[in-house]
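1. A predicted structure for the sequence below; I have some questions about it.
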Amino acid sequence: MRLLILLTYFILSFSFLKAKDNPKDPHDDDLKGKNLICYNDSLSVDDWGIKFLKNNIVKMYSLNKSIYEIYQYNRKYRTNIRNIIISKNNKIEFIINRSRLVLGNKSCKVVLGDPLILLQKRIKSIKVDKKGKNRI
C-alpha cells in the first residue's frame, strides 16, 4: 500500500512539474494552414519556407542558394502576443516577430501556396539570374 501511495505521489508531482514548465499562454494561437516564405537577397543566406500544421507542428524548408538544395525540418511551435517560437527538443531554435514578420535577417510574408513549391520556383529564378549575368 505504501508503494502505491509513493508511486501515486511521484506521478502527480512529475505531472505538476511538467505543467509548470510549459504554461499555456493566453495568446498561444493555432496557426494551422498558414504558410510563410522568408527571403534574403544575399546568395549566401538561406531562404526559408514555413508551413504550420495541426498539433503545433511546423514544417520548415531551408533553401541553400549556393548548391540549390532544399532541406526539410519538423519542429514544434508556440505563440505569444509578440512572437512565434519554434523549438526543437524544448529548446528555442527560431523566433519570428509576429508584427514585422522577421526571421533573423530575413523578411517573411504570408503566402497562399505551398512553401516547398515556391522555393523550387525560387531555385529556377536564381539560376536564370546567375546565367543572365554571364557575358559568354
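-> Done, it's in. No experiment lies behind these values; they were computed from the predicted model shown.

2. now the phi/psi pair for the residue lying closest to Leu101 once chain neighbours are set aside, please.
-> In this structure, Leu101 finds its nearest non-sequential neighbour in Cys108, 4.1 Å apart by Cβ to Cβ, 6 or more residues apart in numbering. All C-beta spots, glycine's among them, are computed from the backbone N, C-alpha and C. In terms of degrees, to the nearest 10, the main-chain angles of Cys108 are phi -110, psi 160.

3. just the helices in this structure please.
-> Counting by DSSP state H, the chain has helices at residues 2-21, 115-132.

4. mean pLDDT lowest where, among the ones you listed?
-> Out of the helices of the chain, helix 2-21 stands lowest, with a mean of 53 (criterion: mean pLDDT).

5. how far off helix 115-132 does the lengthiest strand in the chain point, in degrees?
-> Determined from DSSP state E, the single longest strand within the chain is strand 69-79. Interaxial angle, strand 69-79 versus helix 115-132 (axes from the mean of the first three to the mean of the last three Cα atoms, to 10 degrees): 140 degrees.

6. what is strand 69-79 packed up against?
-> In this structure, strand 69-79 packs against strand 57-64, strand 83-88, helix 115-132, with contacts taken as 3 or more Cβ pairs under 8 Å, 6 or more residues apart in numbering; DSSP states H and E.

7. gap between Ile50 and Lys127?
-> 23 Å (Cβ to Cβ, to the nearest Å).

8. okay, those two: which has more neighbours?
-> Ile50 (26 against 12; other Cβ atoms under 10 Å).

9. which pLDDT value goes with the more buried one?
-> pLDDT, read off for Ile50, is 97.

10. surely it touches Cys38?
-> Yes: using Cβ atoms under 8 Å, Ile50 is in contact with Cys38, at 7.0 Å.

11. any common contacting residues for those two?
-> Contact criterion Cβ atoms under 8 Å, 6 or more residues apart in numbering; residues shared by Ile50 and Cys38: 103, 108.

12. and the residue nearest to Leu101, what does it touch?
-> Each residue near Cys108 by Cβ under 8 Å, 6+ apart is listed here: 36-39, 48, 50, 96, 101-102.
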